[in-house]
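Undergrad: give me a 3D structure for the following:
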Amino acid sequence: MDRDTALVIEAHRRAAGRHPEDDGRKQLPLLKVLLRGYTEVTRVSAIAVALGLPLHARYAVALLCGSDAERSATDPAREVRDGMELHWCPQEDSLAVVALLGDRSAEDLAAAMPTAPGLRGGVSTVVSGLMELGRAREFAQLALNSCSADGEVARLADRLPGAFILARPDLAQEFAAQVLGPVLEADPVERDQLLATLAAWLDCQGSTEEAGKRLYCHRNTVLNRLRRLERLTGRLLARPRDVVDLAFALESHRLTSRKSS
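TA: This is a model prediction of the structure:
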């Protein structure tokens, strides 16, 4: 008998005698099965009964990682917060939160997550049932991986381009090399200047004056750097498709470089 089957059998036993005072800690092994992507419908239905959760409903998963991503032995594993039923489930290297959302949103779940200097978080998009918790956990992991600093809780819905990159970093690196290759091969000082100038120009909605203020240089310096970047890449910032390529390549380089460092 495999471990998952044994857990499901135990779920049937618990379903008949679940104690109201249980804080949810005894149900953690069942949640871990679902977060691993278990989707056999009959057994997931049994787990739903044991957990006292609807099989089909609006769920989302959050992942917390870092030195502060811990729950004390006295903290409940199940609680209601801001209209959401939260199930806190320790993982091998993170803390997962399975949220029965009701009429709340993934944004509400992100707002309910703790923030601290030694903590990062990622929140999935909304899924429609317990059978999709494995996918939701993967989405939360992608959102978590997109965090650039401690104290940040990232929603996948806000980081979808980055999620594509993190899901296939090998392709992202290849794309960055094709688009930005000559820039990446330039002298490190010039390379960093050109990449920072492009990032500032994009962040400032294409305003060279605002980019100059951000970079503490004259707008003509920004223009000269951007022209140099155009010459090296063969892409023109006046062409929307080229801007899309450059922006995605820049983000690909940023995320994959950070992940490999």
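Undergrad: so for the residue nearest in space to the middle of the chain, what's the pLDDT?
TA: Closest to where the C-alpha atoms of the chain average out (Cα atoms, centre = their mean) is Ala143, at 0.6 Å. In this model, Ala143 is scored at 95, pLDDT.
Undergrad: where along the stretch 51-200 of the chain do the strands fall?
TA: 56-65, 78-81, 84-90, 95-100, 120-123, 127-129, 153-155 (DSSP state E, counting those that start in this stretch).
Undergrad: measure the nearest residue to Leu35 once chain neighbours are set aside to Leu31 for me?
TA: Nearest in space to Leu35, with sequence neighbours left out and distances taken as Cβ to Cβ, 6 or more residues apart in numbering, is Arg137 at 4.8 Å. From N, CA and C alone the C-beta is placed, and that goes for glycine too. Arg137 is 10 Å from Leu31, where distance means Cβ to Cβ, to the nearest Å.
Undergrad: touching both of the two, which residues are there?
TA: Counting by Cβ atoms under 8 Å, 6 or more residues apart in numbering, the common neighbours of Arg137 and Leu31 are Ala96.
Undergrad: so for these two, which sits in the more crowded spot?
TA: Higher neighbour count among Arg137 and Leu31: Arg137, with 25 against 22, using other Cβ atoms under 10 Å.
Undergrad: what's the end-to-end length of stretch 31-51?
TA: Its first and final residues considered, stretch 31-51 spans 8 Å by Cα to Cα, to the nearest Å.
Undergrad: next one: stretch 46-58
TA: Length of stretch 46-58, first residue to last, Cα to Cα: 18 Å.
Undergrad: for stretch 232-241, same thing?
TA: End residues of stretch 232-241 are separated by 17 Å (Cα to Cα).
Undergrad: what's the answer for stretch 41-61, then?
TA: Counting by Cα to Cα, you get 20 Å between the two ends of stretch 41-61.
Undergrad: check stretch 54-71 too.
TA: Termini of stretch 54-71 sit 25 Å apart (Cα to Cα).
Undergrad: for that stretch, the distance to its chain's centre please.
TA: Centroid separation between stretch 54-71 and its chain, computed with Cα atoms, centre = their mean, to the nearest Å, is 12 Å.
Undergrad: low-confidence ranges in the stretch 51-200 of the chain?
TA: Scanning the stretch 51-200 of the chain for pLDDT under 70 picks out 73.
Undergrad: could you rerun that using 90?
TA: Within the stretch 51-200 of the chain, the stretches with pLDDT under 90 are 51, 66-77, 91-93, 114-118, 148-150.
Undergrad: got the residue ranges for the helices in it?
TA: 106-112, 133-145, 160-167, 169-184, 188-203 (DSSP state H, counting those that start in this stretch).
Undergrad: so what touches the shortest one?
TA: Contacting residues not belonging to helix 106-112 are listed as 60, 62, 81-84, 86, 97, 99, 101, 121, 123-126, 153-157 [Cβ under 8 Å, 6+ apart].
Undergrad: show me which of those are buried.
TA: 60, 62, 84, 86, 97, 99, 101, 121, 123-126, 153-157 (16 or more other Cβ atoms under 10 Å).
Undergrad: so who does the residue nearest to Leu35 touch?
TA: Contacts of Arg137 (Cβ under 8 Å, 6+ apart): 35, 37, 61, 63, 96, 124.
Undergrad: ok, the spatially closest residue to the fourth one that is not a sequence neighbour to Gln193 distance?
TA: Think Leu63. Of all residues not flanking Leu63 in the chain, Ala140 sits nearest, at 4.3 Å (Cβ to Cβ, 6+ apart). Note on Ala140: its distance to Gln193, by Cβ to Cβ, is 36 Å.
Undergrad: and what of Ala77?
TA: From Ala77 to Gln193 the distance is 51 Å (Cβ to Cβ).
Undergrad: does Leu255 touch Leu166 like I think?
TA: Yes. Counting by Cβ atoms under 8 Å, Leu255 does reach Leu166; the two are 6.1 Å apart.
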